[in-house]
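Asker: Pasting the sequence and the predicted model now:
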Amino acid sequence: MTGQSEPLLIVRGLSKRFGPLPVLQDVDFHVQKGEIFGIIGISGAGKTTLLELLIGFQQPDKGDVQFKIGESLLNTAPSTHFVSVYDNQQLMKHLFGFASQKSSFYEDLTVRENLEYFGSLYELSKATLQANIATVLSLVELNDHQHMLAQNLSGGMQKRLDIACSLVHNPDILILDEPTADLDVMLRKQLWNVIKQIKENGKTVIVSSHHLDEIEQLCDTIAVLHNKKIASQGNVSELRKHYAEHQEIHLELESHQYDSIITLLKKQNTYRITKLLSDGKKLIVHSPDAEKLFHYLIHLIEHLKEEIIDLYLNKPSLSEVFENLITNPGFDKPGFDKPGFDNLGSGIKNERNEGLAS
């Protein structure tokens, strides 16, 4: 479990079905203020449905999403308070921003006209709206294109316009559904730089993505959605520690001769080895006991009087962790902390309040 401070957003027991088909069942997780929180899962796992539930676009069959606000927003004594997203939709529309996979902007309006329109939905003063527009144009690097029709923007610029439209009212939490879908590698990097800057500006970001490399590099906390539940939540190091089956030891010797080492490694029975690979230049050892084996390997090299060019431990990628989680029925391993929840209020509305714009 990452972070010790009180969370900004708490999700508990969230369930949703469409007709007889359950999509989400008893989903639990929490999000800390100021972090980038990533949600990963296979196609059809329910990521989009979950994001739409977080913001109130859909109503759950049971469960709640609670958001921490200052009680000054409720016209009571200054303090903090958790309120249900579903019971406070008019308030939530000012606190949340949402950019879906589908474009929300109007193609026949300019960049600036789109921002003025979306900003007008939040009853901002003219001065505040103009200041916000200047801020988001700079943030998403569209200043030089603000008078261009949205339909004439490149794909990457259109993604950035979508994000700008969801930020123009200055929300506390930004929710992004697959923001880099259909973008090439360079445009993905540009967009993630924008998202990192949004975090640095004090926003909390919740993002879903099927690009595990970018989730691994840029998210503070990751939740794995599998079998309609959150299979695990933690930072990359925690997920690696508990769900990766092995680490890799990479060795390069000056002699590039590995036969003796391979023979000795195969003869020992203290440390488990799952794979030995050599391309003639390097030796790669896969082992669930890699850290202990690492020191044993140094001893072998000294015994054989070999010279080391390179020797290091390579931790498993998030892709491997994810694969282990979704293919191993025993993913819920004992000893891994799960988020705890206290003092969650109830009271889910049955009808959806309209007017949540992003």
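Answerer: Perfect, I can see it now.

Asker: the helices in this protein, which residues?
Answerer: 47-55, 89-95, 111-120, 126-139, 155-167, 185-200, 212-218, 236-243, 259-267, 290-303, 318-327 (DSSP state H).

Asker: quick one, domains of the chain?
Answerer: 9-241+322-327, 246-315 (automatic domain parsing).

Asker: Relative to residue 281, tell me which of the helices of the chain wins on proximity.
Answerer: For residue 281, the closest of those is helix 259-267, at 14.0 Å, according to CB to CB. (Glycine included, C-beta is placed from N, CA and C.)

Asker: circling back to that earlier point, mean neighbour count and mean pLDDT added to the domains of the chain, as CSV?
Answerer: Below are the domains of the chain laid out as CSV (neighbours: other CB atoms under 10 Å; pLDDT from 0 to 100):
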stretch, mean neighbour count, mean pLDDT
domain 9-241+322-327, 18, 91
domain 246-315, 14, 91
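
Asker: out of the helices of the chain, nearest to residue 25?
Answerer: Between residue 25 and the helices of the chain, the shortest gap by CB to CB is with helix 47-55, which sits at 11.5 Å.

Asker: which residues are contacting stretch 111-127?
Answerer: Here stretch 111-127 makes contact (CB atoms under 8 Å, 6 or more residues apart in numbering) with 93-94, 104-106, 109, 129, 132-133, 136-137, 142, 145-148, 150, 153, 161, 164-166, 168-169, 355, 357-358.

Asker: What of stretch 274-289?
Answerer: Counting by CB under 8 Å, 6+ apart, 245-253, 256, 258, 261-262, 265-266, 271-273, 293, 297, 310 sit against stretch 274-289.

Asker: Can you list which of those are found in strands?
Answerer: If you go by DSSP state E, the contacts of stretch 274-289 have 247-253, 310 in strands.

Asker: Identify the residue nearest the spatially most central residue of the chain in space, chain neighbours excluded?
Answerer: Nearest to the geometric centre of the chain sits residue 38, at 0.9 Å (CA atoms, centre = their mean). Once flanking residues are discounted, residue 38 sits nearest to residue 219: 3.5 Å by CB to CB, 6 or more residues apart in numbering.

Asker: Settle this for me: that neighbour is touching residue 32, isn't it.
Answerer: No - the criterion here is CB atoms under 8 Å, and residue 219 misses it with residue 32 at 11.8 Å.

Asker: Mind exporting the C-alpha coordinates of stretch 151-170 to PDB?
Answerer: The C-alpha trace of stretch 151-170 is given here as PDB (Å, rounded to 0.1, in the frame of the first residue of the first chain):
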ATOM      1  CA  GLN A 151     -10.700  19.900 -37.300                       C
ATOM      2  CA  ASN A 152      -7.500  21.100 -38.800                       C
ATOM      3  CA  LEU A 153      -5.300  20.200 -35.800                       C
ATOM      4  CA  SER A 154      -3.000  17.100 -35.900                       C
ATOM      5  CA  GLY A 155      -4.000  14.000 -33.900                       C
ATOM      6  CA  GLY A 156      -1.600  14.900 -31.100                       C
ATOM      7  CA  MET A 157      -2.900  18.500 -30.900                       C
ATOM      8  CA  GLN A 158      -6.500  17.300 -30.800                       C
ATOM      9  CA  LYS A 159      -5.700  15.000 -27.800                       C
ATOM     10  CA  ARG A 160      -4.100  18.000 -26.100                       C
ATOM     11  CA  LEU A 161      -7.200  20.100 -26.900                       C
ATOM     12  CA  ASP A 162      -9.400  17.500 -25.300                       C
ATOM     13  CA  ILE A 163      -7.300  17.700 -22.100                       C
ATOM     14  CA  ALA A 164      -7.400  21.500 -22.200                       C
ATOM     15  CA  CYS A 165     -11.200  21.400 -22.400                       C
ATOM     16  CA  SER A 166     -11.300  19.200 -19.400                       C
ATOM     17  CA  LEU A 167      -8.900  21.500 -17.400                       C
ATOM     18  CA  VAL A 168     -10.400  24.900 -18.300                       C
ATOM     19  CA  HIS A 169     -12.500  25.100 -15.100                       C
ATOM     20  CA  ASN A 170      -9.400  24.300 -13.000                       C
END
